[in-house]
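Student: Take this sequence and fold it.
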Amino acid sequence: MIKHALLSLVIACAAAAPVAALAEDAHVAPVRKFIASKIQPWLTDPIVIEAIKEQNAKHAYLSQADIEKLDLAWRAQVTTANRPLVDEVLGREISKFLAQKQELSRGMISELFVMDSKGLNVGQSEVTSDYWQGDEAKWRQTYSAGPDVIYFDRAAIDESSQALQLQASLTISDPQTGEAIGAITIGINLDLL
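Tutor: Got it, this is the predicted structure:
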């Protein structure tokens, strides 16, 4: 009896998996279109490109231990009043630029953050929970994958807005050389798409 119930559950889950995958895939085409028309045109803006290049030069010699130390400092500062690293990143021109892009989206974009060649935040529209994204798929599946790759995370309900959200990430390349210099992650409100 238990084996029969377990087998039925496995079959039901297996049958539902393609439906869930299809539901996820339904978001891909409109998100690609949104990124192509609303995001990619400004990824070559000098504010974005120069900020990434500057940080890449500054962070060129960071060791893995240095990166982890910075990430720990960020995580400790996120919920405190004294947050020099967080405030420094949020005060950058690129962060102001990204915050403006988010505001102009009228709720379509829930967050934007740009990462350097090591996966460290260069700028962001909202405070992220961590500083180093280099250990996550959003950076690993984009930065070294090439300019035409878009990585889609799973759609999920955002706790604060209760909207269906999806993170999409892509490589940012130097417009003069075509070389990958960083990546961007965009939180997209699928309910408004």
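
Student: which residues are in contact with the strand or helix carrying Glu103?
Tutor: Using DSSP states H and E, the element containing Glu103 is helix 93-104. Residues from elsewhere that reach helix 93-104 (CB atoms under 8 Å, 6 or more residues apart in numbering): 42, 45, 47-48, 51, 89, 109-114, 122-126. C-beta coordinates here come from the backbone N, C-alpha and C atoms, glycine included.

Student: Make a PyMOL selection of the buried ones in these.
Tutor: Buried residues among the contacts of helix 93-104 (16 or more other CB atoms under 10 Å), as a PyMOL selection:
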select buried, resi 48+51+89+109+110+111+112+113+114+122+123+124+125
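
Student: Need phi/psi at Phe113.
Tutor: phi -150, psi 140 (degrees, to the nearest 10).

Student: OK, contacts around the closest residue to it other than its chain neighbours?
Tutor: The shortest distance from Phe113 to any non-neighbouring residue, by CB to CB, 6 or more residues apart in numbering, is to Gln124 (3.7 Å). Gln124 is in contact with Val89, Leu90, Ser95, Leu98, Glu111, Leu112, Phe113, Val114, counting by CB under 8 Å, 6+ apart.

Student: From Ile181, how far out is Gln124?
Tutor: With the distance defined as CB to CB, to the nearest Å, Gln124 ends up 17 Å from Ile181.

Student: pLDDT below threshold where in this protein?
Tutor: Low-confidence segments of the chain, defined by pLDDT under 70: 1-24, 160.

Student: all helices of it, in order?
Tutor: 2-34, 46-58, 64-77, 84-90, 93-104, 137-140 (DSSP state H).

Student: okay if I get the ones you listed as CSV plus distance to Asn189?
Tutor: Putting these into CSV (distance: least, CB to CB, whole Å) gives the following:
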stretch, distance to Asn189
helix 2-34, 10
helix 46-58, 22
helix 64-77, 26
helix 84-90, 22
helix 93-104, 11
helix 137-140, 17
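
Student: Let me know which of those helices is tucked in deepest.
Tutor: Sort these by mean neighbour count, taking mean count of other CB atoms under 10 Å, and helix 137-140 sits at the top with a mean of 19.

Student: Sweet, I'm off.
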